[in-house]
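Participant: generate a structure from the sequence data that follows.
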Amino acid sequence: MKFPRLSLTAWIFIGMAAGIATGIAAPGFASQFSPVSNIFLRLIRSIIAPLIFGTLVYGIAGSGDLKRMGRIGLKAIVYFEAVTTVALFLGLAAVNLVRPGAGLKLAPAAEPVIAQAKPTPGSTIEQVFPASIIDAMARGDVLEIVVFAFLFGAACAAVGPKAKPVVAFCESLAEVMFRYTNYVMCLAPFGVAAAIAVTVASKGSGVLFGLGKLILTMYAAQSIFVALVLGSIVMLFRIPAAAFYRAVREPFLIAFSTASSEAALPRALENMEQFGVPRHIVAFVLPTGYSFNLDGSTLYLSLASVFVAQAAGVELTLSQQLLMMLTLMLTSKGVAGVPRAALVILAGTLSSFRLPMEGVAVLLGIDAVLDMARTSVNVVGNCLASAVVARWEGVEFRAPAVSDPLPQVPS
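Facilitator: Residues are numbered from 1 along each chain as shown. Purely as a prediction, here's the structure:
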């Protein structure tokens, strides 16, 4: 008799359950697992710098002449930035209103700079630009890495054919880091089990209540974003709601069940073209949106980062939270193909702001549940982005009857 092969998500759930049981039943034994979770976290941190550099440089320079993107590219990027900014602030509002991390008592990171520093606007802007990219990578300063990668990628695109070897190297680096991430994520069930066991053993079973509160807050915030923000965009741009719902329903379910945006991409491309988005628009906007329009992931990142600060007892000022949102807005770009990409970005952000990496280990235990919501919202947001850009380009969508099939239009 053949037993079905379990997915990584299933193993993570098993590891989470085993860690909870061990932490409750044998807290003394469970407290010895911290080296396992620490090794996993160190490997996660090793991904951040080369992955962000490779994906961003190739994403910017690999498209060739930037002028060729033209009007459609500019409109798409403006839309992406506007909507992801709204998602970030919605997550920020939700986590400050509900405060799911209050009372968890994670150990604060060494040298809690963020709690003590009072940077001026000038010094804050100055610190965004790296004096040395090597130094920025060694310190894990994600914002400096992103700024350098954006400028470096734009320079490669401007140079043209002479920069092809460099762009090819960045493409290869990104692919290698994708595979490296897959290898590291194979250790996730063990890292989850150890992290949850140590957390429950040291903090008590009450920590589980805070994590449940975070899950409810996350799903409520994602639902509000889809209903109010994306729903308002549908009405504002006069997109037929019933036909759009039928077009995105299947990609949404695929993304939710697999927690993979890539699994839903082929069906999303096909359905949005049938919905009425011209082929040249949907073929550009959807794949680009998978790197630059991660609505569900950006909402989660703002919520999760402040959650960790609350759990560590670090009170962030409004200016510090806004700086963190700027960091997340930039670092969430370009890593959609990475398994648990939000986890990698969150780890980099916590490291930059001197917040405890233990928070990543705790969140990893429930990341599979959170990933389903944020990935499916990413897919819906990108499908809507293609429809919005098409409307900006003057495309008129017919609102078919409920029984009608999705309309076929030529590209």
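Participant: tell me where the stretch 151-300 of the chain has helices.
Facilitator: 164-185, 188-203, 207-224, 231-236, 241-258, 261-275, 279-292, 295-311 (DSSP state H, counting those that start in this stretch).
Participant: quick one: which of these is nearest Ser386?
Facilitator: Nearest to Ser386 among these is helix 279-292; the distance by C-beta to C-beta comes to 4.2 Å. Glycine gets a C-beta too; all of them are placed from N, C-alpha and C.
Participant: which other helices and strands contact the closest one?
Facilitator: Taking 3 or more C-beta pairs under 8 Å, 6 or more residues apart in numbering; DSSP states H and E as contact, the helices and strands that helix 279-292 lies on are helix 70-98, helix 261-275, helix 367-392.
Participant: repeat that for 10 Å
Facilitator: When contacts are defined as 3 or more C-beta pairs under 10 Å, 6 or more residues apart in numbering; DSSP states H and E, helix 279-292 packs onto helix 34-61, helix 70-98, helix 261-275, helix 367-392.
Participant: show me what counts as buried in that helix.
Facilitator: 281-286, 288-292 (16 or more other C-beta atoms under 10 Å).
Participant: let's have the residues you listed in JSON lines, adding pLDDT and distance to Phe150.
Facilitator: Listed next are those as JSON lines, based on pLDDT from 0 to 100; distance: C-beta to C-beta, whole Å:
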{"residue": "Ile281", "pLDDT": "78", "distance to Phe150": "25"}
{"residue": "Val282", "pLDDT": "79", "distance to Phe150": "26"}
{"residue": "Ala283", "pLDDT": "70", "distance to Phe150": "24"}
{"residue": "Phe284", "pLDDT": "72", "distance to Phe150": "20"}
{"residue": "Val285", "pLDDT": "79", "distance to Phe150": "21"}
{"residue": "Leu286", "pLDDT": "78", "distance to Phe150": "22"}
{"residue": "Thr288", "pLDDT": "71", "distance to Phe150": "15"}
{"residue": "Gly289", "pLDDT": "76", "distance to Phe150": "18"}
{"residue": "Tyr290", "pLDDT": "72", "distance to Phe150": "18"}
{"residue": "Ser291", "pLDDT": "67", "distance to Phe150": "13"}
{"residue": "Phe292", "pLDDT": "73", "distance to Phe150": "12"}
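Participant: which of those residues sit farthest apart?
Facilitator: Ile281 and Ser291 (16.7 Å).
Participant: restrict stretch 186-196 to CA atoms and write it as CSV.
Facilitator: Taking Å, rounded to 0.1, in the frame of the first residue of the first chain, the C-alpha atoms of stretch 186-196 are listed here in CSV:
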residue,chain,number,x,y,z
CYS,A,186,13.3,21.6,3.7
LEU,A,187,14.5,22.2,7.3
ALA,A,188,11.4,24.3,8.0
PRO,A,189,9.5,21.5,9.8
PHE,A,190,12.4,20.9,12.2
GLY,A,191,12.9,24.7,12.7
VAL,A,192,9.2,25.1,13.3
ALA,A,193,9.0,22.2,15.8
ALA,A,194,12.0,23.5,17.7
ALA,A,195,11.0,27.1,17.7
ILE,A,196,7.4,26.4,18.9
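Participant: isn't Ala195 up against Ile44?
Facilitator: No: counting by C-beta atoms under 10 Å, Ala195 does not reach Ile44; the two are 11.3 Å apart.
Participant: looking at those two, which has the bigger crowd around it?
Facilitator: Higher neighbour count among Ala195 and Ile44: Ala195, with 29 against 26, using other C-beta atoms under 10 Å.
Participant: and Gly394, how many neighbours?
Facilitator: Neighbour tally, Gly394, other C-beta under 10 Å: 6.
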